[in-house]
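In: With the input below, show me the fold.
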Amino acid sequence: GHEAKKAAVLSYQFQNLTRGESFAKIQFQKWRNELNDDELHLIESTAYEEMSRLGYEPHIVGVSRDKLEFSEEDIAEFDRLNKEAIKNMYDTLEKENPEDAARRIHQAAVLKAP
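Out: Down below sits the predicted model:
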């Protein structure tokens, strides 16, 4: 609705919100064609409990593979990679859409405030 249109104007990353229900139907379960089994295994292992709570039926964990377990070192490396990816995203966004980047940086600062 109205909020989706406002968000689409503020950020090119939300422009899909104005495409309507037909777009949503196309996007529904698009991941099945875009994620390979290793990627899906990682996602399901990471968010298994929450996904189960929301009624998601796993396609890998408990079906063809066991849930992955992560060490403290694994988690630290994932955190490092995530921070690096976020920095790259902001760097790209600052080049492509400086106004959007400024809004997002401000939003992130507000969310970190005590």
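
In: and residue 94, how many neighbours?
Out: Residue 94: 15 surrounding residues under other C-beta atoms under 10 Å. Where you see a C-beta, it was placed from the backbone N, CA and C, and this is true even at glycine.

In: and it, what is it in contact with?
Out: For residue 94, the contact set (C-beta atoms under 8 Å, 6 or more residues apart in numbering) comprises residue 101.

In: Could you measure from it over to residue 50?
Out: Applying C-beta to C-beta, to the nearest Å, the value for residue 94 to residue 50 is 32 Å.

In: For whichever helix in the chain runs longest, list every residue counted as buried.
Out: The helix that spans the most residues within the chain, counting by DSSP state H, is helix 72-96. Buried residues in helix 72-96, defined by neighbour count with 16 or more other C-beta atoms under 10 Å: residue 93.

In: what's the spacing between that helix and its chain's center?
Out: Helix 72-96 sits 13 Å away from the centroid of its parent chain (C-alpha atoms, centre = their mean, to the nearest Å).

In: Pop out the phi and psi values for the closest residue to residue 78 other than its chain neighbours.
Out: Leaving aside its sequence neighbours, residue 78 sits nearest to residue 70 (C-beta to C-beta, 6 or more residues apart in numbering; 7.5 Å). Here is the backbone geometry of residue 70 (degrees, to the nearest 10): phi -120, psi 130.

In: give me the number of residues near residue 45?
Out: 17.

In: Secondary structure of it: a strand, I assume?
Out: No: secondary structure assignment (DSSP: H, G, I helix; E, B strand; the rest coil) places residue 45 in helix, not in a strand.
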